[in-house]
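# please work out how this folds:
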Amino acid sequence: MAVGGRWTLAAANLAFFLVLNQSSAPNVALVRIAQEFAGSTVDVSWVVNAYALSFGGALLAVGTLGDRFGAKRIFLCGCGMFLLGAAACFVVPSMIALVAAQAVIGVGAAALVPSSMALIKDVCRDAVTRTRALSAWAATGAVAVAVGPIVGGALITGLGWRAVFLVDVVFAVVLLLMAATRVGEVHPAGAVGTDLIGEALVAAALLATFTAVVLLPSGTIAGAVLLGCAAVAVLAVVLAVRRHTKRPLQLVALFRTRSVGAVSMVGLLLNFAYYGEVFVLSLYFTKNGGYEPLQVGLALLPMTITLFLSNLVVGRVIGVVGGRRLLAIGGICSALGLFALAITGSPARPVLVLLLLIVGTGCGLVVPSMITLMLAAAPTDRVGAASGLLNTSRQIGSALGVSVFSPVLTHLGLASGVRVTQLVAGGLLLVVALLGIRLDRAIDTL
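I've put the predicted structure just below:
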């Protein structure tokens, strides 16, 4: 490991914790926010959507900037924007201001994720050390997803909803100081040319795509279709017109490596299935079981805890088993758990806990294997862009999971809808397993 590597890993892990905590903890504050600002359900939903849209829309662009200007610089910019947005959220006087501040946090988060992955690759020079570091990084994110709503709920109950953002401010200050003083400089791997106009247009197309996906569950179908068509049109024109420039689009350059596209699809399908089912199960526990928000978080703990633990296991065994095999095993394991949930319907609590453990274990095997394989497949001078592409794919998958499964529950009813979504999610995870098996052996850790 390079000099100062432990500080770099600590900063990368804290950054990822903040990013995923911000995607989950504020959800439990929405009712209090709506009460304070007299906002409607649609109004308050944009508190979450603003973060998701800016985060997903900016990921690929800031990943590309990391390759051009260096991962540490982009990481510091991300820390600053996250801190600025969180501080603004803590003092905002209106709903509109809160939504705008959440968008700023989202851009900061988008800068932190790919740059933290690039920092990890820079300080971990051998495959085994890098895989263990990435497993710990992914496990940190799993902890944030698990404890975010629980800790957030406790803070809101005791101190009010603004306390959630005050905690963000404190940790963002710590992260900024750590990165500025302890993280080493990471210079670009080569003279990577960047088509800034093309990258900006791609970012706009991605933002339109995310907005279209977010609008679908609210019934704004016409607007969603229009935005989706516009996104496809812009992306098609950009790829056609600018692919022959002296500075090619990162998206085009990356997809010339077949494994990069395959791993990106794994990320999309995994998040579609996992976060779609988290959404479905949360509704099921609330409406069928009468659970309160804190109880829902606790009910999902079997899945989120094993997601965390199996992330750690991967770092120990991937050198023996191989990333492709672990990815395939994880996909099959989680698919079987979801199929069993669909078949059993409303199982007894011990059976439910067991099946959620299986699903979480399988997904936990996939995540670090997928990240390791992506970094191995990416050209050295495009690590930031590849990281951005993978995380963009995952964000699209998460948004699609909620957007597709929500109308399924509406049209089929809760009981039948839950089973159908579990069968669909299980099928998608089998595709993940198949993609893992067919990945190029040259990028594996064996």
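
# the longest helix along the chain: which residues count as buried?
Identified as the longest helix of the chain according to DSSP state H is helix 127-159. Across helix 127-159, burial judged by 16 or more other C-beta atoms under 10 Å covers 127, 129-153, 155-156. In short, each C-beta sits where N, CA and C put it, glycine included.

# for it, packing partners?
Packing partners of helix 127-159 (3 or more C-beta pairs under 8 Å, 6 or more residues apart in numbering; DSSP states H and E): helix 5-24, helix 95-123, helix 162-182, helix 293-299, helix 301-321, helix 349-377.

# domain parsing for this structure?
Following automatic domain parsing, one gets these domains for the chain: 1-188, 195-246, 251-446.

# which of those has the lowest mean pLDDT?
In terms of mean pLDDT, the lowest-scoring of the domains of the chain is domain 195-246 (a mean of 64).

# can you tell me the element residue 185 falls in?
Counting by DSSP states H and E, no helix or strand carries residue 185.

# compute the inter-axis angle for the longest helix of the chain and helix 95-123.
Following axes from the mean of the first three to the mean of the last three C-alpha atoms, to 10 degrees, one obtains 160 degrees for the angle between helix 127-159 and helix 95-123.

# report the distance from helix 127-159 to the chain centre.
Centre-to-centre, helix 127-159 and its host chain are 12 Å apart (C-alpha atoms, centre = their mean, to the nearest Å).

# can you show me the helices along the stretch 151-300 of the chain?
162-182, 196-215, 221-242, 250-255, 258-287, 293-299 (DSSP state H, counting those that start in this stretch).

# could you check how far residue 65 is from residue 433?
34 Å (C-beta to C-beta, to the nearest Å).

# who has more neighbours, those two?
Set side by side, residue 65 and residue 433 show more neighbours around residue 65, with 24 against 21, by other C-beta atoms under 10 Å.

# identify the residue nearest that one in space, chain neighbours excluded?
For residue 65, ignoring the flanking residues on the chain, the nearest one in space by C-beta to C-beta, 6 or more residues apart in numbering is residue 74 at 5.6 Å.

# ok, the one you found - contacts?
Residues near residue 74 by C-beta atoms under 8 Å, 6 or more residues apart in numbering: 62, 65-66, 111, 114-115, 384.

# turn these into CSV, columns for distance to residue 34.
Below are those laid out as CSV (distance: C-beta to C-beta, whole Å):
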residue, distance to residue 34
62, 31
65, 36
66, 37
111, 30
114, 33
115, 34
384, 38
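
# which of the residues you listed sits closest to residue 303?
Residue 303 has its nearest neighbour among the contacts of residue 74 in residue 114, at 26.4 Å by C-beta to C-beta.

# residues contacting that closest one?
By C-beta under 8 Å, 6+ apart, residue 114 lies in contact with 59, 62-63, 66, 74, 384-385, 387-388, 391.

# ok, the residue lying closest to residue 269 once chain neighbours are set aside to residue 270 distance?
In space, and not counting its chain neighbours, residue 269 is closest to residue 428: 4.6 Å by C-beta to C-beta, 6+ apart. Note on residue 428: its distance to residue 270, by C-beta to C-beta, is 8 Å.

# neighbour-wise, which of these two wins?
Comparing residue 428 with residue 270 by other C-beta under 10 Å, the one with more neighbours is residue 270, at 29 against 23.

# would you confirm that that one contacts residue 369?
No. Under the criterion of C-beta atoms under 8 Å, residue 270 makes no contact with residue 369, lying 10.5 Å away.

# OK, contacts around the residue nearest to residue 269?
Contacts of residue 428 (C-beta under 8 Å, 6+ apart): 269-270, 272-273.

# and of the residues you listed, the nearest to residue 350?
Distance to residue 350, by C-beta to C-beta, is smallest for residue 273 among these, at 23.9 Å.

# neighbours around the nearest residue in space to the closest one that is not next to it in sequence, how many?
In space, and not counting its chain neighbours, residue 273 is closest to residue 425: 3.8 Å by C-beta to C-beta, 6+ apart. Neighbour count for residue 425, taken as other C-beta under 10 Å: 28.

# please give the element, helix or strand, for residue 425.
helix 414-438.

# next, the buried residues of that helix.
Quick answer for helix 414-438 (16+ other C-beta under 10 Å): 417-426, 428-433, 435-436.

# for stretch 87-100, same thing?
Those would be 87-90, 92, 95, 98-100, for stretch 87-100 by 16+ other C-beta under 10 Å.

# can you show me the CA trace of that stretch as PDB?
Taking Å, rounded to 0.1, in the frame of the first residue of the first chain, the C-alpha atoms of stretch 87-100 are listed here in PDB:
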ATOM      1  CA  ALA A  87     -25.100  23.600   5.900                       C
ATOM      2  CA  ALA A  88     -27.700  25.200   3.600                       C
ATOM      3  CA  CYS A  89     -30.200  22.400   4.400                       C
ATOM      4  CA  PHE A  90     -29.700  23.100   8.100                       C
ATOM      5  CA  VAL A  91     -30.700  26.700   7.900                       C
ATOM      6  CA  VAL A  92     -33.100  26.900   4.900                       C
ATOM      7  CA  PRO A  93     -36.300  29.000   5.300                       C
ATOM      8  CA  SER A  94     -38.400  27.300   2.700                       C
ATOM      9  CA  MET A  95     -39.100  24.100   0.800                       C
ATOM     10  CA  ILE A  96     -37.700  25.500  -2.500                       C
ATOM     11  CA  ALA A  97     -34.500  26.400  -0.800                       C
ATOM     12  CA  LEU A  98     -34.300  22.900   0.800                       C
ATOM     13  CA  VAL A  99     -34.800  21.300  -2.600                       C
ATOM     14  CA  ALA A 100     -32.000  23.500  -4.100                       C
END
